[in-house]
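J.: Predicted structure and sequence below. I'll ask about it afterward.
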Amino acid sequence: MTQHATTTDARPADWWKSAVVYQVYPRSFADSDGDGIGDLRGVIGRLDHLAALGVDVLWLSPIYRSPQDDNGYDISDYEDVDPLFGTLADLDELIAGLHARGMKLVMDLVVNHTSDEHPWFVESRSGADNPKRHWYWWRPARPGHEPGTPGAEPTNWRGFFSGPAWQYDEATGEYYLHLFSRKQPDLNWENPQVRQEVYAMMRRWVERGVDGFRMDVINFISKQLGPGGSLPDGVVHGAGGLGDGTPYTINGPRVHEFLAEMHREVLAGRGLITVGETPGATVADAIRFTDPVPGEVDMVFTFEHVNLDSAPGGSKWDLAPLRLTDLKANLTAWQEGLAEVGWNSLYWDNHDQPRIVSRWGDDGAHRVTSAKSLATVLHLLRGTPYVYQGEELGMTNAHFTDLGQYQDIESLRWAQEAIDHGLALGSVLHSLAVKSRDNARTPVQWDASPNAGFTTGTPWLAVNPNHTEINAAAARTDPDSVFHHYRQLIALRHTHDVVVHGDYRLLLPADERVFAYLRTLGPQRLLVLANLSGDDAVVHLGDAGVLLDGEVLVPTHEGRARAGRTLTLQPWESFAVLA
Ligand code: TEU
């Protein structure tokens, strides 16, 4: 087998199909120096936890130099580590520590935008004639409007963090585009110099030993330009007068061209793993992104399933109950849609999403079984599973009750806007408690000691008081813990080809309580049955019922009420059967 500069093992090129990825959000993972903020040495100190879980890859959220306006997703130097997190030497040690344990490192790649403190942007904003001016999106005020006054923005687009997506810059009297915070100006990917700089930077990381990239909002890099480079207004929904720019900023006309170019220039033939974060991508888009010919990325993160508990047409803050039949239909559409071409990524949680056990499980009386059953349903699908730090412990939402407890820029900016528009504080707090990104960002609960073993200082975001019960030390010693359930699910992927490659068929599509499916690979069959409700569920399996005589795996409960092909599942009960 050909050996590439960056791989020393003999795994096949698509090794990531049988891999499980673990995401570390470094700020909240483990603090080695007592400043209350997690760091690289904290990660190095906990690698045995990842090895015990059995994951193959660590995806590290951004550790680059950053003013930390969006916790590192605003990067001012792509090639250095922020002193908050450590040094390049620490990162090298992390890479070595992972490789020594047979694990790989995926870096976050945030190249839709930089920080406004990145030298490229500092130059760009220094004058309209600066050679880097066209590395970003600069536009004059709307004709007939006084620059810098309300409504004078070049388009009416709303930014993802509330307010307009344009910032007025007095130095030159023009505006720059920022789809996220005003400290995250969008790079202009139309400019070939920008693309070449990004590819060169990525190659340097590969040479340093990183094994892949998670690409932040990578389907936002191409914008839909009108005649003469114009950018059109979006449709206005609701109060505030701002419009929806996403038809012009998501999945733009050149996105596949740019990603195929990046693949050719940086990624092809190196045995890496790549995953694109793609809000708004459909199954059809995902097929194109992940088709190995010509090759763009190995897989993408869909947002469709995590949008199912928002009201249609509203924002993530407009809460709606999840219908299990919608979730099953959606995950099934992705399983079936990417069955022939492309590949799925599988996730419940990440640093932007609330905790799954609080969201679609029951973080009270059924915390352990509901966390396990949700994990079973996800991990036995076809695709590459992603585990977000603490998910393997069944960590819950923060349950904050006061605005002052939140730190997240998206949450705080939306709350302010909502209050300004007259939404009652109680409603604002309720939406935040359900959906805020800070739910995922409370420190990892390592043990029952004060501050959960996360830090000896004052944590940047409050530790959840439930750490006295929910923590890694307790979970590691309890054979019935959520941790050991995840460990077993990960091991199943490594031992059974049917988990990796088997065909998928949904059973009982209309059942509002039970998620059941069948995986098939040649003679191997795997039946997955999960009651995702707090009620008993009677299941008539029909022909698939014969499989119940096979080997039971990852059961949440002992014993089983069964009569032939019919059985009764207890609240949140799940198991798989290999036949
Ligand atoms: O998130 C992209 C994105 O769409 C966000 O709007 C996110 O999904 C949203 O907050 C959920 O409501 C990525 C990163 O994952 C996120 O942490 C960054 O803030 C964002 O890009 C900008 O880099």
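T.: That came through fine.

J.: who touches the closest residue to Y388 other than its chain neighbours in this structure?
T.: Among residues not flanking Y388 along the chain, D349 sits closest, at 3.8 Å (Cβ to Cβ, 6 or more residues apart in numbering). C-beta: built from backbone N, CA, C; applies to glycine. By Cβ atoms under 8 Å, 6 or more residues apart in numbering, D349 lies in contact with R355, I356, V387, Y388, E391, A440.

J.: tell me which element D349 is part of?
T.: Using DSSP states H and E, D349 falls within no helix or strand.

J.: Which among the contacts of D349 count as buried?
T.: Among those, the ones that count as buried by 16 or more other Cβ atoms under 10 Å are R355, I356, V387, Y388, E391, A440.

J.: Tell me who's in contact with the fifth one.
T.: Yep, that's E391 we're talking about. Taking Cβ under 8 Å, 6+ apart, one finds W348, D349, R355, I356, A371, A375, Y486 in contact with E391.

J.: I'd say the last one and A52 touch.
T.: No - here Y486 lies out of contact with A52, judged by Cβ atoms under 8 Å, at a distance of 10.5 Å.

J.: quick one on the thing from earlier: from the contacts of D349, pick the one nearest A268.
T.: Comparing those against A268 with Cβ to Cβ places V387 closest, at 28.1 Å.

J.: helix or strand for the closest residue to G151 other than its chain neighbours, which one?
T.: Once flanking residues are discounted, G151 sits nearest to H145: 6.2 Å by Cβ to Cβ, 6+ apart. Using DSSP H and E, H145 sits within no helix or strand.

J.: OK, now which residue of the chain is nearest to the ligand?
T.: Y73 (3.5 Å; Cβ to the nearest ligand atom).

J.: for that residue, helix, strand, or coil?
T.: coil (DSSP: H, G, I helix; E, B strand; the rest coil).

J.: was I right about it contacting P67?
T.: No - using Cβ under 8 Å, Y73 is not in contact with P67; the gap is 10.9 Å.

J.: Am I right that H484 is in contact with D478?
T.: Yes - contact criterion Cβ under 8 Å: H484 and D478 qualify, at 7.4 Å.

J.: Give me the more crowded residue out of the two.
T.: H484 (19 against 12; other Cβ atoms under 10 Å).

J.: Alpha carbons of the helix or strand where that one lies, as PDB, please.
T.: Here H484, judged by DSSP H and E, is contained in helix 482-495. Output of helix 482-495 as PDB, limited to C-alpha atoms (Å, rounded to 0.1, in the frame of the first residue of the first chain):
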ATOM      1  CA  VAL A 482     -24.100   6.100  30.000                       C
ATOM      2  CA  PHE A 483     -20.300   6.100  29.500                       C
ATOM      3  CA  HIS A 484     -20.000   2.300  29.200                       C
ATOM      4  CA  HIS A 485     -23.000   2.200  26.900                       C
ATOM      5  CA  TYR A 486     -21.300   4.600  24.500                       C
ATOM      6  CA  ARG A 487     -18.100   2.600  24.900                       C
ATOM      7  CA  GLN A 488     -20.000  -0.500  23.800                       C
ATOM      8  CA  LEU A 489     -21.700   1.200  20.900                       C
ATOM      9  CA  ILE A 490     -18.400   2.400  19.600                       C
ATOM     10  CA  ALA A 491     -16.900  -1.100  20.000                       C
ATOM     11  CA  LEU A 492     -19.900  -2.500  17.900                       C
ATOM     12  CA  ARG A 493     -18.900  -0.200  15.000                       C
ATOM     13  CA  HIS A 494     -15.400  -1.500  15.200                       C
ATOM     14  CA  THR A 495     -16.400  -5.200  15.300                       C
END
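
J.: List the buried residues of the next helix or strand after that helix.
T.: On the C-terminal side of helix 482-495, the closest following helix or strand by DSSP H and E is helix 497-501. For helix 497-501, the neighbour count (16+ other Cβ under 10 Å) marks V498, V499, V500 as buried.

J.: Check what contacts helix 497-501 and list those residues.
T.: Residues from elsewhere that reach helix 497-501, judged by Cβ under 8 Å, 6+ apart: 17-18, 380, 382, 492-493, 519-521, 524-526, 578.

J.: give me that answer again for 10 Å
T.: Residues from elsewhere that reach helix 497-501, judged by Cβ atoms under 10 Å, 6 or more residues apart in numbering: 14, 17-19, 379-385, 489, 491-494, 519-526, 528, 553, 576, 578.

J.: before we move on, which element is H430 in?
T.: helix 425-435.

J.: and that helix, anywhere near the ligand?
T.: No - in terms of Cβ under 6 Å from any ligand atom, no part of helix 425-435 sits within range of the ligand; the closest distance is 7.4 Å.

J.: hey, C-alpha coordinates of that helix in CSV?
T.: The C-alpha trace of helix 425-435 is given here as CSV (Å, rounded to 0.1, in the frame of the first residue of the first chain):
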residue,chain,number,x,y,z
LEU,A,425,-38.4,38.2,29.8
GLY,A,426,-39.9,34.9,30.9
SER,A,427,-40.3,33.8,27.3
VAL,A,428,-36.8,34.9,26.5
LEU,A,429,-35.4,32.9,29.4
HIS,A,430,-37.5,29.9,28.5
SER,A,431,-36.1,29.9,24.9
LEU,A,432,-32.6,30.3,26.2
ALA,A,433,-33.0,27.5,28.7
VAL,A,434,-34.1,25.2,25.9
LYS,A,435,-31.9,26.2,23.0
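
J.: pLDDT of the next helix or strand after it, averaged?
T.: For helix 425-435, the following helix or strand on the C-terminal side (DSSP H and E) is helix 438-441. Helix 438-441 carries an average pLDDT of 98.

J.: What's the first helix or strand after helix 438-441?
T.: Downstream of helix 438-441, the next assigned helix or strand under DSSP H and E is helix 472-477.

J.: Counting neighbours, which bits of stretch 67-75 end up buried?
T.: For stretch 67-75, the neighbour count (16+ other Cβ under 10 Å) marks Q68, D69, D70, N71, G72, Y73, D74, I75 as buried.

J.: Please apply the same query to stretch 422-433.
T.: For stretch 422-433, using 16+ other Cβ under 10 Å, the buried residues are L423, V428, L429, S431, L432, A433.
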